[in-house]
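A.B. asks: just the structure for this:
(one chain, ligands or ions: 1)
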Amino acid sequence: MYDNSIGWRKFLIFTKNKREKTMKQERDNQINNTMTCKKKPIVFIDMDNVIVDFQSGVDRLKDQDKQAYEGHIEDTPGLFALMDPISGAIEAIQKLRDRYELYILSTAPWDNPTAWCDKLNWVKKYFGNNETDVFYKRLIFSHHKNLCHGDYLIDDRPHKHGVDQFSGEVIHFGSEQFPGWNELVKYLMEKNREENHTHSNNKL
Ligand SMILES: [Mg+2]
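C.D. replies: The predicted structure follows:
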């Protein structure tokens, strides 16, 4: 009788532990599923002085071109092929792509037709030209950036080309808060953690 009672109690404890373990597993699965199913937020990224160092291209121009295009240097043919990436931009973008849908959203000078082509080639050169590469067919040229709908727009000129009418959050690159890519990646990673946490809690 005594032995039976001990055995019964052990059985109840075993069943209770098993039930709790199953419930915990189901909860973990639910969190993982909601995080996996959730769409990544969309981030648009400007090129000049955000991904691309504009001045590095100007510095490489011949003196005769600098003189010929003085006052509208952005119209110099071939200028946009000469530029270096901004420090830390390429590494930062590779980090962010796991958490965000990234697109380039840039303008190209209206009176410099080679700029449009040079920018496309620049993106292929520094980010690759395979389907799996981060900006493959994700390059948008527009003088009306407000027409693109997404969650974030990273731009160094918050009042030009419709940036101030963008429907999501504008991140002012080069500002006191975001002087460079390190600060920006830290901010966006933290935002992503907060959003995932909120999303998971709302679903449960
Ligand atoms: Mg810019």
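
A.B. asks: which residues does the closest residue to the ion within the chain contact?
C.D. replies: Among residues of the chain, the one nearest the ion by Cβ to the ion turns out to be residue 48. It sits 3.9 Å away. All C-beta atoms are positioned from the backbone trio N, CA, C, and that covers glycine. If you count contacts by Cβ atoms under 8 Å, 6 or more residues apart in numbering, residue 48 has them with 54, 106, 156.

A.B. asks: how is this structure carved up into domains?
C.D. replies: Domain assignment for the chain by automatic domain parsing gives 1-37, 39-203.

A.B. asks: what mean pLDDT does the last one have?
C.D. replies: When the per-residue pLDDT values of domain 39-203 are averaged, the result is 95.

A.B. asks: repeat for stretch 24-36
C.D. replies: Confidence over stretch 24-36, taken as the mean pLDDT, stands at 59.

A.B. asks: which residue ranges form the helices in this protein?
C.D. replies: 2-37, 54-59, 63-68, 89-96, 113-127, 181-203 (DSSP state H).

A.B. asks: next, format the ones you listed as CSV and append mean neighbour count and distance to residue 161.
C.D. replies: Converted to CSV, the helices of the chain look like this (neighbours: other Cβ atoms under 10 Å; distance: least, Cβ to Cβ, whole Å):
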stretch, mean neighbour count, distance to residue 161
helix 2-37, 10, 34
helix 54-59, 16, 15
helix 63-68, 11, 25
helix 89-96, 17, 20
helix 113-127, 17, 15
helix 181-203, 14, 20
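
A.B. asks: now these as CSV including distance to the ion?
C.D. replies: Putting these into CSV (distance: least, Cβ to the ion, whole Å) gives the following:
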stretch, distance to the ion
helix 2-37, 33
helix 54-59, 8
helix 63-68, 21
helix 89-96, 12
helix 113-127, 12
helix 181-203, 14
